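In: Need a 3D model of the sequence below.
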Amino acid sequence: MMEVEPHSGSAALKLVPSGPVSPSVSIGGAFNLDNTASSGAGVVLYSDQGEGALGRLLVVHQSNAANPQAAVRIQQAGAAHAVSIFHNPAAGAGDSSAEALDVVSTNVLDSAVGIRGQEAGRGTVKITHVKPASPDANAAALSIGLLGAGTQCQGIFIGNDAGNATSGPLIHIRNGGPGSERLVLTGDGRLELPVPDRAGGLLIGSDANLYRSAQGALATDGVIQARVTQGESLLLDAGADDPPAPVADRQIRLYLKDNKLVIQWNKGGSVLYTTIPLDSVAPYPAVQAVTTDTRAP
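Out: Now for the predicted structure:
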């Protein structure tokens, strides 16, 4: 054991290499500590300094802009994390200005943080929010702020410059475990909203909704308006099968069948079909026979 007691205000230990040293990650370095023979910690930096602390506990400062090497590199072949940060400001009481990891970059040519992974069944980046003792209604597992007047920064971008397409979903959002899907955007560009009935679908504004009411059926609790201007049209396609009956005394169903326009109405449980033939015979103008029957045309 060796203790170094410097004069007040002087560094306890200063190393100044007299020439080039090896860049090896095992035997190189101006300072090399081989901790192989010890089962304890290699280097421990500890301080019990309080409010009077003026310097940081660890500083790595590379001041030459021409240096092409990373300021810090960590290689880990063991089973544990390569870097582990345990943040406990004010003994768990919290500090509104103290983050567990603060990263600032002034390089406009590259990302502030680059992360690469080769996961088979995990997210390359996984964020887990654990509810604290206090209410967390205003918390977010991921918060993105776009600052600067006139910025054109994209909030979220998914893609790559290599042209590699994924066959998996681009967006997959659950509210719980498997089977609780709320929104899926497939790799082919199809947007899926799995929740049926009024609980799911789309809410536009605060009072206009569109949702799946039955198999193959869309519904709204409001009104659908089709505004056709000059040069435009509203198109109805003929379906292969007769559609189901509408709700009695509340709905009508309009569809095409065998070159006829059919208005289907449920009168107190009796389904009526009012039919207007579309293939009229000359001379024109022709008077079409409008019929109403309980049998579908």
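In: Any stretches of the stretch 151-297 of the chain with poor pLDDT?
Out: 230-244 (pLDDT under 70).
In: For it, which segments count as strands?
Out: For the stretch 151-297 of the chain, the strands defined by DSSP state E, counting those that start in this stretch occupy 171-174, 181-185, 191-192, 202-204, 208-214, 217-219, 252-257, 260-267, 270-277, 291-293.
In: which stretches of the stretch 1-150 of the chain have low pLDDT?
Out: 1.
In: make it 90
Out: 1-15, 51, 88-98, 133-134 (pLDDT under 90).
In: of all the strands of the stretch 151-297 of the chain, which lies closest to residue 44?
Out: Residue 44 lies closest to strand 171-174 among the strands of the stretch 151-297 of the chain, at 42.9 Å (CB to CB). Using the backbone N, CA and C atoms, a C-beta is placed for each residue, glycine as well.
In: Run through who's touching the closest one.
Out: Residues from elsewhere that reach strand 171-174 (CB atoms under 8 Å, 6 or more residues apart in numbering): 158, 180-185.
In: can I get the residues you listed in a markdown table with distance to residue 265?
Out: Conversion of the contacts of strand 171-174 to a markdown table gives the following (distance: CB to CB, whole Å):
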| residue | distance to residue 265 |
| --- | --- |
| 158 | 48 |
| 180 | 40 |
| 181 | 37 |
| 182 | 37 |
| 183 | 37 |
| 184 | 38 |
| 185 | 39 |
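In: Can I get the buried part of those residues as one PyMOL selection?
Out: Buried members of the contacts of strand 171-174, defined by 16 or more other CB atoms under 10 Å, are picked up in PyMOL with:
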select buried, resi 181+183+184
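In: In the contacts of strand 171-174, find the pair that's most separated.
Out: Taking CB to CB as the measure, the contacts of strand 171-174 reach their widest spread between 158 and 180, a distance of 22.2 Å.
In: and the gap between the most centrally placed residue in the chain and residue 184?
Out: Nearest to the mean C-alpha position of the chain, by CA atoms, centre = their mean, lies residue 171 at 6.4 Å. Distance, residue 171 to residue 184, using CB to CB, to the nearest Å: 7 Å.
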